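> Below is the sequence, then the predicted model.
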Amino acid sequence: MENIDELVALDRLNMAPVIEQAGGTFDPEVRRRNLLLEMEKGAVFFSIQRSGKIIAYLQYMPEPNDMWNIMSIQIHPAYQKGFVLRDLLSEARRRLQIDAPSAIRSSVHFTNQVSLRLHRKLGFMKIEEDADRVLFVIDGKTLCERLARFKKRKTDG
């Protein structure tokens, strides 16, 4: 089980500015409660740690009809220019190969330009937009093929 305090701290660091830019306020206690509820419902997490601390994680929820819903991708700002994204996406590909979901959905705050660029770069297609979010989707096999270029370094654990 992931360390809730570390997940919330990373979410706060990355998402507070995005949410504030959209006119909202990041509430760590609400995020903590939501994470616990998502874990109870079966959310899957995998993380990357350095010096015993979570510096990045990806959270998804397996859904009916063989789909995944990406709920969060977070990377500590100090590691966003390094190999951490590659390592995170390499692990995502490994899990895609095992679970073989038919499709992956992801919802992104419209003010989160970094995430919007990543989704487009990976080939996600925009299918819907509302007042504060953009909904993307991609075929599971297609995403797995696109993630093949992200190979985990052999020196990593």
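Sure, I can see it.

> Flag every buried residue along stretch 82-95.
The neighbour-count criterion (16 or more other CB atoms under 10 Å) identifies 84, 85, 86, 87, 88, 89, 90, 91, 92, 93, 95 as the buried residues of stretch 82-95. Placement of C-beta: from N, CA and C, glycine included.

> Out of those residues, which is nearest to residue 148?
Nearest to residue 148 among the buried residues of stretch 82-95 is residue 93, at 6.6 Å by CB to CB.

> Where does the prediction get shaky in the chain?
Within the chain, the set of residues satisfying pLDDT under 70 comprises 1, 150-157.

> Let's check: the centremost residue of it is which one?
The central residue of the chain, meaning the one whose C-alpha is nearest the mean C-alpha position (CA atoms, centre = their mean), is residue 73 at 2.1 Å.

> Tell me which helix or strand that one sits in.
Secondary structure here is read from DSSP states H and E; on that basis residue 73 sits in strand 67-75.

> longest single helix anywhere in this structure?
With residue count as the measure and DSSP state H as the assignment, the chain has helix 4-21 as its longest helix.

> For residue 32, which residues are in contact?
By CB atoms under 8 Å, 6 or more residues apart in numbering, the contact set of residue 32 is 4, 8.

> and the next element down the chain from the helix or strand where it lies?
Using DSSP H and E, residue 32 sits in helix 28-40. Using DSSP H and E, the helix or strand that follows helix 28-40 in sequence is strand 44-50.
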